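Asker: pasted the sequence and its predicted model underneath.
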Amino acid sequence: MRANKFGEFSGDQDADNLDDADPASYIINEVRQFLGVAEIAASNGEWIKARQALVEAMLLLKDLVAAES
């Protein structure tokens with residue numbers, strides 16, 4: 001899932017070739033995008049959207065840590 005510049009979520013993937021990419025780097029990139037959405041939403045006072053983006057980032061990080069353990 002990815003967020004566009006308006007903070008809307010979609011299922012589009014990057015144009016990058018993800019076949020050879022490290023799965024951890026893909027997840028970290030997704031987390032960065034969710035954090036960016038959270039930052040923008042919070043600066044606009046959209047606290048529900050900011051919280052939603054933070055929860056999504058947290059869930060991705062939990063999955064990453066669990067997979068590495």
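Answerer: Ah, there it is.
Asker: kindly provide the distance from G36 to A67.
Answerer: 23 Å (C-beta to C-beta, to the nearest Å). All C-beta atoms are positioned from the backbone trio N, CA, C, and that covers glycine.
Asker: compare the two (neighbour count), which wins?
Answerer: More crowded of G36 and A67, by other C-beta atoms under 10 Å: G36, with 15 against 10.
Asker: please name every helix or strand in contact with the strand or helix carrying the more buried one.
Answerer: Assessed by DSSP states H and E, G36 sits inside helix 23-43. Counting by 3 or more C-beta pairs under 8 Å, 6 or more residues apart in numbering; DSSP states H and E, the packing neighbours recorded for helix 23-43 are strand 2-3, helix 47-68.
Asker: so which of the ones you listed is the most surrounded?
Answerer: Of all the helices and strands packed on helix 23-43, strand 2-3 has the most neighbours on average by mean count of other C-beta atoms under 10 Å, namely a mean of 18.
Asker: to S25, which of the helices and strands packed on helix 23-43 lies closest?
Answerer: The closest of the helices and strands packed on helix 23-43 to S25 is helix 47-68. By C-beta to C-beta, the value is 10.4 Å.
Asker: quick one: that closest one to helix 23-43, angle?
Answerer: 160 degrees (axes from the mean of the first three to the mean of the last three C-alpha atoms, to 10 degrees).
Asker: and the contacts of helix 47-68?
Answerer: By C-beta atoms under 8 Å, 6 or more residues apart in numbering, the list of residues contacting helix 47-68 from outside reads 1, 3, 7, 23-24, 27-28, 30-31, 34-35, 37-39, 41-42.
Asker: at 6 Å instead, please
Answerer: For helix 47-68, the surrounding residues in contact (C-beta atoms under 6 Å, 6 or more residues apart in numbering) are 7, 27, 30-31, 34-35, 37-38, 41-42.
Asker: ranking the residues you listed by neighbours, who comes first?
Answerer: V37 (26 neighbours).
Asker: for that one, give its distance to I27.
Answerer: Distance from V37 to I27, by C-beta to C-beta: 16 Å.
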